[in-house]
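Colleague: turn this into a model:
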Amino acid sequence: MKVEEMRAFSVEELLKKKEEAHENLFKLRFRLATRQLVNHRELPRAKGEISRLETVIREKELGIR
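Modeller: Numbers count the residues shown, from 1 in each chain. Below you'll find the model as predicted:
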């Protein structure tokens, strides 16, 4: 999801999406540990999505955009 799309959501929706992203990251790490993860690039992508969500949430809290 792009940052512009994230900015359209409310803070509550962003927090829900952040929680879902953390669950997804947990599942990816579990699949990596059990050697079931085929594409290892999914881990950095999941971390990047969490970072983008946290950035947009913080922007909304500060009223930057």
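Colleague: what's the closest non-adjacent residue to Leu15?
Modeller: Spatial nearest neighbour of Leu15, excluding adjacent residues (CB to CB, 6 or more residues apart in numbering): Ile57 at 6.8 Å. For the C-beta atoms, the positions are set from N, CA and C on the backbone; glycine is no exception.
Colleague: surely the one you found touches Glu19?
Modeller: No - Ile57 lies out of contact with Glu19 (CB atoms under 8 Å); the separation is 11.6 Å.
Colleague: picking that back up, quick one: contacts for the residue nearest to Leu15?
Modeller: Contact analysis of Ile57 by CB atoms under 8 Å, 6 or more residues apart in numbering lists 11, 14-15, 18.
Colleague: which of the residues you listed tops the neighbour count?
Modeller: Greatest neighbour count in the contacts of Ile57, by other CB atoms under 10 Å, goes to Leu14: 19 neighbours.
Colleague: not counting its neighbours along the chain, what's nearest it?
Modeller: Ile57 (5.0 Å).
Colleague: so which strand or helix has that neighbour?
Modeller: helix 42-62 (DSSP states H and E).
Colleague: now do the buried residues in the least confident helix or strand in the chain by mean pLDDT.
Modeller: Using mean pLDDT, DSSP states H and E, helix 3-7 stands out as the lowest-scoring helix or strand of the chain, at a mean of 94. Neighbour counts over helix 3-7 (16 or more other CB atoms under 10 Å) mark Met6 as buried.
Colleague: many thanks, have a good one.
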